[in-house]
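> everything below, folded, please.
(one chain, ligands or ions: 1)
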Amino acid sequence: MSRLLSGALALLFSSTALGHGGVWNYSIAGDWQPGFFPYYPAEGQSSIQRHWIDFGPITDLASPSLICNNPGTSAEEYATVAAGAQIEAYYRGWPHDIGAVIVWMAYCGAEPASCAEFDGTDGARWFKIDQAGLLSGTMLDGVWAQGDMVANRNYTWSVTIPERLQQGAYLLRHELLALHVPLTPEFYPECAHLYVTGTGDELPGEDYLAAIPGVWEQDDPELHLSIYEEPSSSRTDWEIPGPAVWRGSRN
Ligand SMILES: [Cu+2]
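Numbers count the residues shown, from 1 in each chain. Sure, this is the predicted structure:
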């Protein structure tokens, strides 16, 4: 291991103790590749992940940092993946177990490197390809997707790229929505650049599309709550805000 890399890892381990995190690595159809290293200069790094500087949450629901974290500047590379393939995201040492895991995509354009020129804004461009929230039990004592990922999935979240998705360049956005702080939902988004190949010809319709920022609203009762108090603590039916998951016509 290079000195540069071990220094970055030491920083990352000490930072993990602060209690946050994000996507470290991606498996693209079985091929693991590193993400961007936060806490380390962008210079000299080259990965498929957009840049982020630290493990802290985004709590300002109108902030551009909600799109692809802070600063969210463009990735240097992109991963080519066939529609229908599986992608795994690895969250090293994720500390929270109360909250949802949501995976989004946004179409950048037809060319493989189109995401370099797309910042994730420009109206409702994002669609969900996966989400999981309260899996069982109550909001206070039940099992949440984040807890399941930590306890049973080796800090790894798997998704399938919709089989009929149109070929082109996409942002892939993993988002952890943490609810352990009363009245202050925390968002942890990271984005990667993909080039999806295949013969699919589908894109989600407008019912499935949302703007980021915009989809999360401070006055949303599903976000502005305390899991530690009634009426939320005993609820078993927490609903993830935003559009339904799009899987295309064949899934
Ligand atoms: Cu945290």
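> switch to C-alpha atoms for all contacts and neighbour counts from now on
Will do.
> ok, residue 181 - how many residues close by?
As a burial measure, residue 181 scores 13 neighbours (other CA atoms under 10 Å).
> correct me if wrong: it contacts residue 224.
No: contact between residue 181 and residue 224 fails when scored by CA atoms under 8 Å: they sit 10.1 Å apart.
> tell me who's in contact with residue 61.
Listed by CA atoms under 8 Å, 6 or more residues apart in numbering, the contact partners of residue 61 are 213, 214, 216, 217, 218.
> tell me where the stretch 1-150 of the chain has strands.
Assigned by DSSP state E, counting those that start in this stretch, the stretch 1-150 of the chain shows strands spanning 25-28, 31-34, 79-82, 86-90, 99-109, 126-132, 134-136, 143-144.
> which of those strands sits closest to the ion?
strand 99-109 (11.2 Å; CA to the ion).
> just for the stretch 1-150 of the chain, where's the confidence low?
Within the stretch 1-150 of the chain, the stretches with pLDDT under 70 are 1-19.
> residue in it nearest to the ion?
Proximity of the stretch 1-150 of the chain to the ion (CA to the ion) peaks at residue 20, 3.6 Å away.
> contacts only, for that residue.
55, 56, 57, 94, 95, 96.
> ok, the first one touching residue 23?
No: between residue 55 and residue 23 no contact is recorded; they are 9.6 Å apart, counting by CA under 8 Å.
> between the two, point out the one with more neighbours.
Using other CA under 10 Å, the more surrounded residue of residue 55 and residue 23 is residue 23, with 29 against 20.
> my guess is the more buried one contacts residue 93. True?
No: judged on CA under 8 Å, residue 23 makes no contact with residue 93 at a distance of 10.2 Å.
> as JSON lines, the contacts of residue 61 with neighbour count would be great.
Shown next, in JSON lines, are those (neighbours: other CA atoms under 10 Å):
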{"residue": "213", "neighbour count": "19"}
{"residue": "214", "neighbour count": "16"}
{"residue": "216", "neighbour count": "20"}
{"residue": "217", "neighbour count": "16"}
{"residue": "218", "neighbour count": "17"}
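> in which helix or strand would I find the residue nearest the centre of the chain?
In the chain, the C-alpha nearest the mean C-alpha coordinate belongs to residue 174, at 1.1 Å (CA atoms, centre = their mean). According to DSSP states H and E, residue 174 maps onto strand 168-178.
> quickly check: the next helix or strand after that strand near the ion or not.
Per DSSP H and E, the first helix or strand lying C-terminal to strand 168-178 is strand 186-197. No: on the criterion CA under 5 Å from the ion, strand 186-197 is out of touch with the ion, staying 7.7 Å away.
> thanks a lot, catch you later.
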